[in-house]
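Asker: 3D, please:
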Amino acid sequence: FIFTFVICIVLLAFDFWTVKNVSGRLLVGLRWWSYVKEDGSNEWIFESLEDMAEISSVDSRMFWGGLYLSPLCWLLLLIIGTLRLQFEYLPIVLVALGMNFANIIGYLKCSSSAKEKVKSMMQQGMQRGSM
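Answerer: Now for the predicted structure:
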């Protein structure tokens, strides 16, 4: 049980890191991370591509679909494990849900940040064009 538990946690951490640092940047042009300042407070940093036109709509749909589908599968496993009264593997499911929801929150904030950035660039362009 302990070996299986450790392997699952390591694989979940690898999945979290891959989605956060590789898949998001390659498939939707977004990346996020949290920076801990010297005073102990957190600062969220979001990056997005300048030209979102090079992002494929198919890749984008696959990324967002997978990002939302994964926690639904883990929630299903949580419900099944709870109904069967098999609680020994539920900590793995809870860790997986936590990591998946962290990615969802990070990418939702990153996506809204990218939309605001494009909107401000459009407004600046319109202001310059009217002068």
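Asker: which ones are touching the most centrally placed residue in the chain?
Answerer: By CA atoms, centre = their mean, the chain has its centre lying nearest to Asn103, at 2.5 Å. Going by CB atoms under 8 Å, 6 or more residues apart in numbering, Asn103 touches 16, 19-20, 67. Every residue, glycine included, has its C-beta placed from N, CA and C.
Asker: among the residues you listed, who's most crowded?
Answerer: Of all the contacts of Asn103, Val19 has the most neighbours under the rule other CB atoms under 10 Å, reaching 22 neighbours.
Asker: any idea how far Glu54 is from that residue?
Answerer: Counting by CB to CB, to the nearest Å, the gap from Val19 to Glu54 is 20 Å.
Asker: likewise Ser41?
Answerer: On the measure of CB to CB, Ser41 and Glu54 end up 35 Å apart.
Asker: For this structure, which residues score under the pLDDT cut-off?
Answerer: The model of the chain has pLDDT under 70 over residues 113-131.
Asker: in the helix or strand where Leu12 lies, what's buried?
Answerer: Under the criterion of DSSP states H and E, Leu12 resides in helix 2-18. Neighbour counts over helix 2-18 (16 or more other CB atoms under 10 Å) mark 8, 12, 15-16 as buried.
Asker: of all these, which comes closest to Leu27?
Answerer: Asp15 (14.7 Å; CB to CB).
Asker: That closest one touches Met99, doesn't it?
Answerer: Yes - Asp15 lies in contact with Met99 (CB atoms under 8 Å); the separation is 7.4 Å.
Asker: For Asn21, which non-adjacent residue is closest in space?
Answerer: Distances taken as CB to CB, 6 or more residues apart in numbering place Arg31 nearest to Asn21, at 6.8 Å, with adjacent residues excluded.
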